[in-house]
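In: model the structure of this input:
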Amino acid sequence: MRNSRFLALAVLMPCLVLAQAKAAERNIIFFITDDESPTLGCYGDTVAVTPRIDELAADGTVFLHASATTASCSASRSVVMSGLHNHANGQYGHAHDFHKFASWHNVVSLALPRVIANAGYRTAHIGKYHVAPEEVYHFDTYLPAKGERNPVEMAEKARAFLTTQDERPFFLYFGTADPHRGGGEDPSYPGPLKPDLFGNKPDKGSFPGINEVFFDPAKVPVPSFLPDTPECRSELAHYYQSCARVDQGVGRLIDILKEAGLYDKTLFVFTSDHGMAFPGGKTTVYEGGLRVPFVVRNPYEPVRGVRSTALISHVDITPSLLDFAGGLDPATNAPKNMVSAAAYWKDKPYATTENRGPRKGLDRYQGKSWIPILGKAEASHWETVFASHTFHEIQMYYPMRAIRDQEYKLIWNIAHGLPYPFASDLWAASTWQAQWAKGMDAPYGKKTVGAYVNRPAFELYDLAKDPEESVNLAANPEYAEVLKRYQGKLKAFQREMDDPWIQKWDYE
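Out: Reported below is the predicted structural model:
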């Protein structure tokens, strides 16, 4: 019996080796979480339990200054999948339900899943999608993922796609629902304001295949933009638990790749759509909303374990992945074999001819590839990055534009005459409600409740001296020249990117 097993193994091994040898090169996994800040071990967080993402980081490049362009789910994901700012691709806010925002039809020429497919890849999506129209952001395969709160289960559902023998390389877009708020309130909390569960099961329950990690609220770090209160700490503990679950999904994907002999043939990118879902983070253009984790392991890059100080932006993702796939024309910063949007929609009357997108600006990416700077700790990318927020939910009109470099950050609150609008889940958060109940003078991070709700037209921060964005210098006469200079930069950028809200400089 034992000899027969050895014989069977001897027969099987050449087949396994041959199967691995036939596996396509230059595969891509793009892993994007929902509302996660750089609360990872590889970013110096001593409480986070993220060993598998840290493993990627130790064998790749960690970008310390990666920025989303907007801290709203749909708008951000449209930037990720188009290489265009959301004011340029038309996805001003949420895609789902009555919000009904969608990208321009003519973005089809630049959309990530389509251009990757045109470069010879088989494409699949699993988990959170949250952009529109589907025909613009079309994947070949949509993998079922009822358990978007169980990334280990999601990874197993992707196993067959990843390990299918095919001459074409694969591109997998993997989107978790963690650590987004949701799942109800924690009934075990002793106070009247119950923390959100952040997708965790109540009463310390666990998801199948997940080794749930529980956090002591007294030991979690409180970011400077949040209040150090029992309510906030209780919510942060749930947030950290949800993040630890994400890490296990990353780990299962790594294990599947290694078992199939694909790990050293696959680019692995880990990031989030924007920062954590707390007031002061999500839906703002403060660093708590825009700063995201960004880890890239390129198996073809010889220099590993790099901590890059370059400024990169989510608008860079599509051109970077297309560059890795060999489909980017560096001269035009557009797909090599670009599909004409006019030709694509010509015989599709459901795509109206009069409103398919701007007359100009949809012929090239607004981001640029970071593939050439992987492995180069001191290499630069952008001198300045730009943020553009207009809506989250449809009732939340509050356009903001922000521009920052390594020295200063300028925020233009275009609708500053209005009180700052809250996402429904952030308004209900016990973290916010506890401080709101104390009145407008109650502290909220480095601000007060009143200062958070009622904002000035301009906010200017010296990021080199004040990375916590605690002192607004816009009204300080000593910084008048700096303010004027950065206003000029912001306006020039809006003009270059054809931002419709540039008109507000002249008539409001």
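In: show me where the stretch 401-508 of the chain has its helices.
Out: Listed in chain order, the helices of the stretch 401-508 of the chain (DSSP state H, counting those that start in this stretch) span 424-428, 430-436, 449-453, 480-496, 504-507.
In: now tabulate those helices in TSV and tack on mean neighbour count.
Out: Yep, even glycine has a C-beta here, placed from its N, CA and C like the rest. Compiled in TSV, the helices of the stretch 401-508 of the chain are given as follows (neighbours: other C-beta atoms under 10 Å):
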stretch	mean neighbour count
helix 424-428	15
helix 430-436	21
helix 449-453	18
helix 480-496	15
helix 504-507	10
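In: lowest mean pLDDT across those, which one is that?
Out: Set side by side, the helices of the stretch 401-508 of the chain give their lowest mean pLDDT on helix 504-507, at a mean of 91.
In: dump that one to PDB, restricted to CA.
Out: Written as PDB, here are the backbone C-alpha positions of helix 504-507 (Å, rounded to 0.1, in the frame of the first residue of the first chain):
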ATOM      1  CA  LYS A 504     -16.900  79.000  -7.800                       C
ATOM      2  CA  TRP A 505     -13.700  81.200  -7.600                       C
ATOM      3  CA  ASP A 506     -15.500  83.800  -9.600                       C
ATOM      4  CA  TYR A 507     -19.100  84.000  -8.500                       C
END
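In: need the residues that contact that helix.
Out: Helix 504-507 is contacted from outside by Pro399, Ile414, Lys491, using C-beta atoms under 8 Å, 6 or more residues apart in numbering.
In: how about a cut-off of 6 Å?
Out: Residues external to helix 504-507 that are found in contact with it (C-beta atoms under 6 Å, 6 or more residues apart in numbering): Ile414.
In: thinking again about what came up before, among the helices of the stretch 401-508 of the chain, which is nearest Leu410?
Out: Leu410 lies closest, by C-beta to C-beta, to one member of those: helix 480-496, at 4.0 Å.
In: same for that closest one, what does it pack against?
Out: The helices and strands touching helix 480-496, judged by 3 or more C-beta pairs under 6 Å, 6 or more residues apart in numbering; DSSP states H and E, are strand 408-413.
In: please repeat the previous calculation with a cut-off of 10 Å.
Out: Contacts defined by 3 or more C-beta pairs under 10 Å, 6 or more residues apart in numbering; DSSP states H and E place helix 480-496 against strand 385-389, strand 400-404, strand 408-413, strand 458-462, helix 504-507.
In: what angle separates that helix from strand 400-404?
Out: 110 degrees (axes from the mean of the first three to the mean of the last three C-alpha atoms, to 10 degrees).
In: about what we covered before: tell me which of the helices and strands packed on helix 480-496 sits most buried.
Out: Highest mean neighbour count of these: strand 385-389, a mean of 26 (counted as mean count of other C-beta atoms under 10 Å).
In: how far does that one sit from the chain's center?
Out: When distances are taken as C-alpha atoms, centre = their mean, to the nearest Å, strand 385-389 is centred 14 Å away from the chain's centroid.
In: circling back: and of the helices and strands packed on helix 480-496, who's closest to Phe174?
Out: Of all those, strand 385-389 comes closest under C-beta to C-beta, at 25.0 Å.
In: what about the closest one, average pLDDT?
Out: The model assigns strand 385-389 a mean pLDDT of 95.
In: same check, this time on stretch 255-270
Out: What stretch 255-270 shows for mean pLDDT is 98.
In: what's the end-to-end length of it?
Out: 16 Å (C-alpha to C-alpha, to the nearest Å).
In: at the geometric centre of this structure, which residue do we find?
Out: Per C-alpha atoms, centre = their mean, the C-alpha nearest to the average position across the chain is that of Asp273, at 2.0 Å.
In: excluding chain neighbours, what is closest to that one?
Out: Closest residue to Asp273 apart from its sequence neighbours, by C-beta to C-beta, 6 or more residues apart in numbering: Ser76 at 4.3 Å.
In: ok, that neighbour touching Phe391?
Out: No. With contact defined as C-beta atoms under 10 Å, Ser76 does not reach Phe391; the gap is 12.0 Å.
In: ok, those two, which is more surrounded?
Out: Comparing Ser76 with Phe391 by other C-beta atoms under 10 Å, the one with more neighbours is Ser76, at 28 against 23.
In: alpha carbons of the helix or strand where that one lies, in PDB - could you do that?
Out: Element membership for Ser76 (DSSP states H and E) is helix 73-80. Only the C-alpha atoms of helix 73-80 are listed here, as PDB (Å, rounded to 0.1, in the frame of the first residue of the first chain):
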ATOM      1  CA  CYS A  73     -16.700  54.800  -1.200                       C
ATOM      2  CA  SER A  74     -18.200  55.000  -4.700                       C
ATOM      3  CA  ALA A  75     -16.400  58.200  -5.700                       C
ATOM      4  CA  SER A  76     -13.100  56.700  -4.500                       C
ATOM      5  CA  ARG A  77     -13.500  53.400  -6.200                       C
ATOM      6  CA  SER A  78     -14.400  55.200  -9.500                       C
ATOM      7  CA  VAL A  79     -11.000  56.900  -9.200                       C
ATOM      8  CA  VAL A  80      -9.300  53.600  -8.500                       C
END
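In: re earlier: and the residue nearest to Asp273, how far is that from Leu143?
Out: Counting by C-beta to C-beta, to the nearest Å, the gap from Ser76 to Leu143 is 22 Å.
In: circling back: let's have the helices and strands packed on helix 480-496 in CSV, adding distance to His85.
Out: What follows is the helices and strands packed on helix 480-496, written out as CSV (distance: least, C-beta to C-beta, whole Å):
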stretch, distance to His85
strand 385-389, 5
strand 400-404, 10
strand 408-413, 15
strand 458-462, 20
helix 504-507, 16
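In: show me the one of the ones you listed that comes nearest Lys157.
Out: The nearest among those, by C-beta to C-beta, is strand 385-389 at 33.3 Å.
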